[in-house]
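**Q** okay, here's the prediction I keep looking at, along with the sequence it came from:
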Amino acid sequence: MTTIEISGREQLLGLTKRRYTEVSCGEMTFRLQSLTEAEKSRFEKSILTSKGAIKDDARRRLLIVTLVDSDGNRLLTDADMRKLSELDGKVSQKLAAAAMEHTGFTESDMDDLEKNSDSIHEEDSSFD
């Protein structure tokens, strides 16, 4: 029988090193960074409307927080949102899909965010 060594608190809390991955789009290669738990929570909050729906610009927001240069500095800011909307759809989809995978998001996570937000808003509306 194989013995499995169970990791503890120190090992868990030691998992703070930023991860990176590269994505090729034609002749260009872009670098994506992982998100900390706090960054991921802020991102999740930023993509929901006040009614709990996922904003149309969610993929662009994800690219802003994950695309970095070779030194790990962000390539984009919120001011680039409009310009990002003009990107070739195939390029933005490829980068966004890679960013979602690298940061641990799935399509069902996005659906769950929207559903959870809907139920919170339904509960809040009972006080109107």
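**A** Done, it's in.
**Q** quick check, central residue of this structure?
**A** Nearest residue to the geometric centre of the chain (C-alpha atoms, centre = their mean): residue 62, 4.8 Å.
**Q** quick check: which element contains that one?
**A** Counting by DSSP states H and E, the element that carries residue 62 is helix 58-66.
**Q** for that helix, packing partners?
**A** helix 37-46, helix 81-84, helix 89-103 (3 or more C-beta pairs under 8 Å, 6 or more residues apart in numbering; DSSP states H and E). All C-beta spots, glycine's among them, are computed from the backbone N, C-alpha and C.
**Q** ok so, going back, read off the pLDDT value for the residue lying closest to the residue nearest to the centre of the chain once chain neighbours are set aside.
**A** Using C-beta to C-beta, 6 or more residues apart in numbering and skipping the chain neighbours, the partner closest in space to residue 62 is residue 99 (5.0 Å). With respect to pLDDT, residue 99 scores 96.
**Q** residues touching residue 99, list them.
**A** By C-beta atoms under 8 Å, 6 or more residues apart in numbering, the residues touching residue 99 are 32, 62, 63, 66, 67, 105.
**Q** same question for residue 104.
**A** By C-beta under 8 Å, 6+ apart, residue 104 lies in contact with residue 40.
**Q** give me the number of residues near residue 34?
**A** 16 (other C-beta atoms under 10 Å).
**Q** pLDDT score for the closest residue to it other than its chain neighbours?
**A** Spatial nearest neighbour of residue 34, chain neighbours left out: residue 19 (4.0 Å); criterion: C-beta to C-beta, 6+ apart. Note for residue 19: predicted pLDDT of 96.
**Q** thought residue 19 was touching residue 35?
**A** No. The criterion here is C-beta atoms under 8 Å, and residue 19 misses it with residue 35 at 9.5 Å.
**Q** on the three-state scheme, residue 24 is what?
**A** Assigned with DSSP: H, G, I helix; E, B strand; the rest coil, residue 24 falls in the strand class.
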